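Participant: fold the following, please.
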Amino acid sequence: MSETSGWSTPVAPGPAGGGPVPARGVPRADPLAAVVTVLGGVLGILQLLLSWTSVAPSVGLPIEGGVTGWNVFRSAQAAASLSVSSAVSAYSVVGVGVAGGAVVLLGLALLTPVDHRPLGAVALLLSLGMVAAAVWWLARAHSLLGRSLGQVFSVAGPGWYLFLVAGLVGVGGAAKALAG
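Facilitator: Residues are numbered from 1 along each chain as shown. Predicted structure coming up:
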């Protein structure tokens, strides 16, 4: 049996001698949101470690082991003093890795029985930042890598693709956490 308070919120009868207690669902873990969110974060971290391309951007020669996301960051960081665009490019690569680490931790927190909306909101903001970094690189591919976007995709390695999709996967997990 439930009563209705003056606020038109359903309330459950309270313990003996107490007033009514608002009826609320018990928070539960959200394993699906956690798995998808953690996956997005792991992809963001892995892009730093895996090859973005096996061809040197400026000279077009093959490179043994490829150019990892960390190598891209270090190269762009060296040029960062030349322009704001280079600085944004450099720190967007490492930013996706750092945001990925934070998204992993937020995803793991989704396994606890707490309100997931604040966690999902923070994960969503970080994931949207990861998406913005990917869009920046897509829009500036020619000036950053010295190749057209088609040429970039023709020699791209797994790290490049992980860089592009990490934020999108994180957005999916965060949206699931927000939806409940």
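Participant: can you pull up the most central residue in the protein?
Facilitator: Centroid-nearest residue in the chain: residue 127, 3.3 Å away (criterion: Cα atoms, centre = their mean).
Participant: can you report phi and psi for that residue?
Facilitator: Phi and psi for residue 127, reported as degrees, to the nearest 10, are phi -70, psi -40.
Participant: ok, and the closest non-adjacent residue to it?
Facilitator: Among residues not flanking residue 127 along the chain, residue 170 sits closest, at 3.2 Å (Cβ to Cβ, 6 or more residues apart in numbering). For the C-beta atoms, the positions are set from N, CA and C on the backbone; glycine is no exception.
Participant: quick one: the strands in the protein?
Facilitator: 3-4, 10-12, 21-22, 51-55, 62-68 (DSSP state E).
Participant: average pLDDT across the fourth one?
Facilitator: In other words, strand 51-55. Across strand 51-55, the average pLDDT comes to 75.
Participant: what about the helices in this protein?
Facilitator: Per DSSP state H, the chain carries helices over the ranges 31-49, 69-79, 84-109, 117-139, 141-145, 149-154, 158-179.
Participant: for residue 25, which of those helices is the nearest?
Facilitator: Closest of these to residue 25 is helix 117-139, at 12.9 Å (criterion: Cβ to Cβ).
Participant: extract the CA atoms of the closest one and return them as CSV.
Facilitator: Once non-C-alpha atoms are left out, helix 117-139 reads as follows in CSV (Å, rounded to 0.1, in the frame of the first residue of the first chain):
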residue,chain,number,x,y,z
ARG,A,117,23.9,9.6,-13.6
PRO,A,118,26.8,11.7,-12.2
LEU,A,119,29.3,9.1,-13.3
GLY,A,120,27.6,8.9,-16.7
ALA,A,121,27.6,12.6,-17.1
VAL,A,122,31.4,12.9,-16.4
ALA,A,123,32.1,9.9,-18.7
LEU,A,124,30.0,11.6,-21.4
LEU,A,125,31.9,14.9,-21.2
LEU,A,126,35.2,13.1,-21.4
SER,A,127,34.1,10.9,-24.3
LEU,A,128,32.8,14.0,-26.2
GLY,A,129,36.2,15.5,-25.7
MET,A,130,37.7,12.3,-27.2
VAL,A,131,35.3,12.7,-30.2
ALA,A,132,36.3,16.3,-30.6
ALA,A,133,40.0,15.3,-30.7
ALA,A,134,39.2,12.8,-33.4
VAL,A,135,37.2,15.3,-35.4
TRP,A,136,40.1,17.8,-35.1
TRP,A,137,42.5,15.3,-36.6
LEU,A,138,40.1,14.3,-39.4
ALA,A,139,39.6,18.0,-40.3
